[in-house]
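Engineer: predicted model follows, preceded by the sequence.
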Amino acid sequence: MIFLEIISLVAVFSLLFVALIFSPLGLGGGVLYVPIIYYLLGWDIQDAVVASLSLVFMVALGSSLAHSKDGYADNTVANTGRITAIPAAILGTYISGYFIHSVGEIGVKILAALILAFVFERTIRRMISGDEAGEEEISISTKTNQYRLGAAFAGTSAGMLGIGGGAILVTLNRSLLKMDANKAAGTSYLISATIVPVALLSHIILDKNIGQMIETIGILPIIIILPMALLSAFFGAKYAIKHIPKSAVTIVFLCAISLSLLRYIVDFASYI
């Protein structure tokens, strides 16, 4: 019993720490939230996705507020992405349910690993090619269709995997529009803060398990943890914007993606 309580405390601390360190990256933390909730707390994958989306929403709100106040967000780009990302989030929820019921949890894990591998490859390629600095930002008006397609991919991922789509959106902002790290993150959060609640509501309606989750977790932990995640994200982003070099932000981003991808690979090995 004591061991289980310690594990629960470690999980809660990990969730809040992820909110803190991911806040300047443009990620809601879902790439780590789902593995933490799934592996440490032992929840099934559907419940882990719903819980992850709730936390991602808090991080997106807190971080988007911090980035917007400092001028590191583009509302025009965000509105362009939302047009396709929002309906795609609903579609992703349906796809998630289909995979879980027809293929099992392994199907969702494979999709998550593939997305993480794509984001990792694109970021590494950008670093090697030397495109991290000295580029002029590209107007969204010249890349509207490509951006909407990428945002739809992010929205689908949010509904399917509970990751908020931030990893895809940041990569899209940096690779397609050549935004700097801070602006790419802030714009990503503006989109995520819109698509995540849509994905979350879709899961609640389709999964019909919110009552059981509240009963399992309890009202008090929910009331405490969610606002703490929001505050952690807000203050983490405020500090990082002013004091952490952009190159360091990119390195932390890669480390986070690598850690999540490695955990899925280890899981896949257990099936062999």
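Structural biologist: Thanks, I have the structure now. Keep in mind that what you see is a predicted model, and the values were worked out from it rather than measured.
Engineer: and residue 72, which of the three is it?
Structural biologist: At residue 72 the chain is in coil, as set by DSSP: H, G, I helix; E, B strand; the rest coil.
Engineer: what distance do you get for it to residue 181?
Structural biologist: To residue 181, residue 72 is 9 Å away according to C-beta to C-beta, to the nearest Å. To be clear about C-beta, it is placed using only N, CA and C from the backbone, and glycine gets the same treatment.
Engineer: what do you get for residue 271?
Structural biologist: Taking C-beta to C-beta, one finds residue 271 at 36 Å from residue 181.
Engineer: the more surrounded of the two?
Structural biologist: residue 181 (25 against 7; other C-beta atoms under 10 Å).
Engineer: the more buried one reaches residue 187, doesn't it?
Structural biologist: No: assessed by C-beta atoms under 8 Å, residue 181 is found out of contact with residue 187, at 11.2 Å.
Engineer: mind picking out the helix or strand in the chain with the poorest mean pLDDT?
Structural biologist: helix 210-217 (a mean of 64; mean pLDDT, DSSP states H and E).
Engineer: I'd like the next helix or strand past it.
Structural biologist: helix 219-243 (DSSP states H and E).
Engineer: how about the helices in the protein?
Structural biologist: Using DSSP state H, the helices of the chain run over residues 2-22, 30-35, 45-69, 75-102, 105-128, 144-161, 166-175, 181-207, 210-217, 219-243, 246-271.
Engineer: report the angle between the fourth one and helix 181-207.
Structural biologist: Translated: helix 75-102. 40 degrees (axes from the mean of the first three to the mean of the last three C-alpha atoms, to 10 degrees).
Engineer: buried ones in helix 75-102?
Structural biologist: 77-78, 80-82, 84-93, 95-97, 99-100 (16 or more other C-beta atoms under 10 Å).
Engineer: now for that helix, which elements pack on it?
Structural biologist: Packing contacts for helix 75-102, counted by 3 or more C-beta pairs under 8 Å, 6 or more residues apart in numbering; DSSP states H and E, involve helix 45-69, helix 105-128, helix 144-161, helix 166-175, helix 181-207.
Engineer: one more time with 7 Å, if that's ok
Structural biologist: helix 45-69, helix 105-128, helix 144-161, helix 181-207 (3 or more C-beta pairs under 7 Å, 6 or more residues apart in numbering; DSSP states H and E).
Engineer: residue contacts, residue 154?
Structural biologist: Applying C-beta atoms under 7 Å, 6 or more residues apart in numbering, one finds that residue 154 lies in contact with 85, 165, 168-169.
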